[in-house]
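> structure here, sequence nowhere to be found:
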């Protein structure tokens, strides 16, 4: 039942981002395709969610003392990703978007670097490091388009 | 090709939220099911995206003067939804979550009320009012669970 | 030298908020005076700063395990206060502002409650609990005006 | 009465940021002095406030059609500045802070560029362009310290 329900609801979410972008004027096109922009927005949303939940979960773990740096990196990542997603969603100022995407890639990579070390014993760290790496890659795809 | 790709990518996004919540301690359970919490998180993410993009698009429209109040409501909605999503994602303090969800329902309804008036001539307003109404409903579902 | 410099620079900051509010249309007036609104905005800014810095500092403390709940409450407080400040700064929708202020008072009080317990051995917790209590009081002052 | 009250209250706000930084571990010191970091944090807070209030005020102006680009730049600026302030306040990851400060300078300059054009007929645009330029300068001061 879950296997059936998930793609269905997920499909609505995903198609919304792409369809939404089709309805607004985005000055990053045609350099960067709507598909790529929508994929970046969705990856950023999933990333912000993962680092926010993972940071709070790490704070509550028994071994929180070895997670201290990872927590702060997750918190930084959440804020940088959120700001980047908003700039991207507003569809103008490619120079600012580019600078913000550079910072976002760094924030994601720094977060992933530490969370990955705890992935084997904390499932939320494993999922979080995957989400941040996916987000970094999606940001790089948009950067390539902007600078291509 | 699009019809095939969308549920696939969307399914990953959706399942991530639910799986992510399974990996963290959330004190709102078992009052509120993981499915309901994940659905609210996803609806909030989609809502924040829609109101952010719609507000920027309205600012750029030729008839921006009739959209003035709708723009401010969208901007308020984006910030309130974002804060609510983070509180929910951290999984503790049901009293704060409850108060924040009440504000979130209001922000979504106020945004939807004005955007719906422009839905027939601005596609982004139509999509935005749908996203805010879905978000309000998802928030109410969590509220019912918390207070039930 | 420091005693001289502080009021000078601080005066510019403070007067800016009040002067800024004088230049924009704020529908919460005359129910709530510009002084009270400006005081709330400044208290929120100081509060968001204090809880953000304090949360990161607590994460890095040797006794982080006894600070776990306080950290999450600070993180929640930062996001709720930030959203409330933006809604207030936009100057419209008193009903939403009211609901958001209620949540903000709760977020500040919950944060202060736990940080105050650690105020005697962590200076940042002492300053943070003061900032959150001042913010809660400033929010209540605006709420009284709105409902008066 | 106002001339007396302003430095007093403002002094408390200002001294709080500096004193707060004295209580937390900040890895950007001694490269960047506490005074410089506190000045940047305060300039960012004032900037976020100014662009948020100015954007909402511009949306409500009769000549909103000539302000369209300025509004979006203010909105972008608010989000970028807010994220940068949080990264700075957490006191670690100089590489990320540096990238985020670069984006922040750009966001402030782009906002100031357009708001300055409307400074002669909109008082909030005049104050906003001053706040963004001050913020850009404060960010550059921190950047110089980090790279010096």
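Sure thing, it's come through. Source: prediction; values computed, not measured. Numbers count the residues shown, from 1 in each chain, chains lettered A, B, ... in the order given.

> only C-alpha atoms for contact and neighbour calcs from this point on.
OK.

> excluding chain neighbours, what is closest to residue A:103?
Spatial nearest neighbour of residue A:103, excluding adjacent residues (Cα to Cα, 6 or more residues apart in numbering or on different chains): residue D:99 at 5.0 Å.

> repeat for residue A:92
Of all residues not flanking residue A:92 in the chain, residue A:27 sits nearest, at 5.3 Å (Cα to Cα, 6+ apart).

> let me know the pLDDT of residue A:96.
Among the per-residue scores, residue A:96 shows a pLDDT of 98.

> what sits against it?
Going by Cα atoms under 8 Å, 6 or more residues apart in numbering or on different chains, residue A:96 touches A:87, D:103, D:106, D:107.

> now the residue nearest the centre of chain A: how far from residue B:125?
Central residue of chain A (Cα atoms, centre = their mean): residue A:44, 2.5 Å from the mean position. Going from residue A:44 to residue B:125 by Cα to Cα, to the nearest Å gives 23 Å.

> the helix or strand where residue A:96 lies: how far from the chain's middle?
According to DSSP states H and E, residue A:96 maps onto helix A:94-117. Its chain's average C-alpha position is 9 Å from that of helix A:94-117, according to Cα atoms, centre = their mean, to the nearest Å.

> list the buried ones in that helix?
Using 16 or more other Cα atoms under 10 Å in any protein chain shown as the test for burial, helix A:94-117 gives A:94, A:96-116.

> go ahead and confirm residue A:34 touches residue A:22.
Yes - using Cα atoms under 8 Å, residue A:34 is in contact with residue A:22, at 7.3 Å.

> out of the two, which sits in the busier spot?
Each of residue A:34 and residue A:22 has its neighbours counted (other Cα atoms under 10 Å in any protein chain shown); residue A:34 has more, 19 against 15.

> so is the helix or strand containing residue A:83 next to chain C?
Here residue A:83, judged by DSSP H and E, is contained in helix A:68-90. Yes - counting by Cα under 8 Å from any Cα of the partner chain, chain C has neighbours in helix A:68-90: A:68, A:69, A:71, A:72.

> next, the nearest residue to residue A:105 once chain neighbours are set aside: secondary structure please.
Excluding its sequence neighbours, the residue lying closest to residue A:105 (Cα to Cα, 6+ apart) is residue A:136, at 4.7 Å. Counting by DSSP: H, G, I helix; E, B strand; the rest coil, the backbone at residue A:136 sits in helix.

> any idea how far residue C:52 is from residue A:136?
As judged by Cα to Cα, residue A:136 and residue C:52 stand 25 Å apart.

> what of residue A:55?
Distance from residue A:55 to residue C:52, by Cα to Cα: 14 Å.

> near chain B at all, the helix holding residue A:83?
Yes - contact of helix A:68-90 with chain B (Cα under 8 Å from any Cα) involves A:86, A:89, A:90.

> what about that helix, distance to the chain center?
That offset, for helix A:68-90, works out to 8 Å (Cα atoms, centre = their mean).

> quick one: average pLDDT of it?
Across helix A:68-90, the average pLDDT comes to 98.

> does any part of it sit near chain D?
Yes - residues of helix A:68-90 contacting chain D under Cα under 8 Å from any Cα: A:72, A:73, A:76, A:79, A:80, A:83, A:84, A:86, A:87, A:90.

> chain C contacts on chain A?
Counting by Cα under 8 Å from any Cα, chain A comes close to chain C at A:56, A:59, A:60, A:62, A:64, A:65, A:68, A:69, A:71, A:72.

> now for these, which pair is the farthest apart?
Spatially, the most separated pair among the residues of chain A next to chain C is A:62 and A:72, at 17.0 Å (Cα to Cα).

> the two: which has the busier surroundings?
Higher neighbour count among residue A:62 and residue A:72: residue A:72, with 23 against 11, using other Cα under 10 Å.

> can you tell me which residues contact the more buried one?
Counting by Cα under 8 Å, 6+ apart, residue A:72 touches A:55, C:56, C:59, D:90.

> what about 10 Å?
When contacts are counted by Cα atoms under 10 Å, 6 or more residues apart in numbering or on different chains, residue A:72 touches A:55, A:78, A:111, C:55-57, C:59-60, D:87, D:90-93.

> hmm, back to that, between the helix holding residue A:83 and helix C:68-90, how big is the angle?
20 degrees (axes from the mean of the first three to the mean of the last three Cα atoms, to 10 degrees).
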